[in-house]
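**Student:** How does the following fold in three dimensions:
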Amino acid sequence: MGDTRLVLALCGSLRDASTTRLALEHALDAADEAGAATELIDLREWDLPLFDPDDRDRGDAARLKARVAEADAVLFGTPVYHGMISSALKNAFDYLGKDEFEGTTVGLLATAGGGSYAATLEHLRTGVRTVHGWTLPHEVGIRRASAAFDEEGAFVDPDIDARVRKLGRMAATYSFVESDRLTPVSSSE
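**Tutor:** The predicted structure follows:
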């Protein structure tokens, strides 16, 4: 692995005018400014049939697994649908596992049409822990996301902009986390 870390963002929205995608682009801009290489995985452009555990390599699954495994940090972005993550993101995540996430830093972002996103972020944290990823303590939820951006795609609220940019910077900064490089401290010390 070279000196430049790769921060990958997985966009769980299939909407053309996606606020999730816009927010992830802002986070990736901040990661780029922090010195990371960045890439947005727009699931609209990937062939990922409904996950079938009897056929785990359908469509672009092998390519997705390889790309996520190469990443030093991953940002998950999802719209909130009925208090949960989008089916597009869940389907992509089902193709992935410990081989791709063990020791990987993961940042979480949810965009809500209304005001509730806490349960969605909790679902993501649970999923990431299950595949041994490291979730950042800073995560972003955006309420009333359709009103969060101006006509040029900039955030109208500087506090939300700062939180999203912090997520991107933290993904770049903490992308060094690797489980084999961590040494536990003995309780007898």
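**Student:** Only C-alpha atoms from now on, for both contacts and neighbour counts.
**Tutor:** OK.
**Student:** Just to be sure, Phe76 is in a strand?
**Tutor:** Yes: the assignment for Phe76 by DSSP: H, G, I helix; E, B strand; the rest coil puts it in a strand.
**Student:** Please tell me I have it right and it contacts Thr20.
**Tutor:** No: at 9.7 Å, Phe76 does not count as touching Thr20 under the criterion of Cα atoms under 8 Å.
**Student:** how long is stretch 127-134 end to end?
**Tutor:** 11 Å (Cα to Cα, to the nearest Å).
**Student:** now it, how far from the centre of its chain.
**Tutor:** Counting by Cα atoms, centre = their mean, to the nearest Å, stretch 127-134 is centred 12 Å from the centre of its parent chain.
**Student:** Buried ones in that stretch, by neighbour count?
**Tutor:** Using 16 or more other Cα atoms under 10 Å as the test for burial, stretch 127-134 gives 127-128, 131-134.
**Student:** Val7 looks like it's in a strand, true?
**Tutor:** Yes: counting by three-state DSSP, one finds Val7 located in a strand.
**Student:** Local confidence estimate at it?
**Tutor:** Val7 carries a pLDDT value of 98.
**Student:** Quick one: residues contacting it.
**Tutor:** 28, 31, 36-39, 71-75, 171-172, 175 (Cα atoms under 8 Å, 6 or more residues apart in numbering).
**Student:** Kindly report the same for Gly133.
**Tutor:** So Gly133 contacts 98, 101-106 (Cα under 8 Å, 6+ apart).
**Student:** May I ask which two of the contacts of Val7 are separated the most?
**Tutor:** The largest separation in the contacts of Val7, counting by Cα to Cα, is between Glu39 and Ser175 at 14.3 Å.
**Student:** And these two? Which one has more around it.
**Tutor:** Neighbours per residue, other Cα atoms under 10 Å: of Glu39 and Ser175, the larger number sits with Ser175, 22 against 17.
**Student:** Which stretches in this protein count as helices?
**Tutor:** 19-33, 61-70, 87-94, 98-101, 118-130, 158-173 (DSSP state H).
**Student:** looking at these, which is buried most?
**Tutor:** Sort those by mean neighbour count, taking mean count of other Cα atoms under 10 Å, and helix 19-33 sits at the top with a mean of 23.
**Student:** Would you mind getting the angle between it and helix 158-173?
**Tutor:** 50 degrees (axes from the mean of the first three to the mean of the last three Cα atoms, to 10 degrees).
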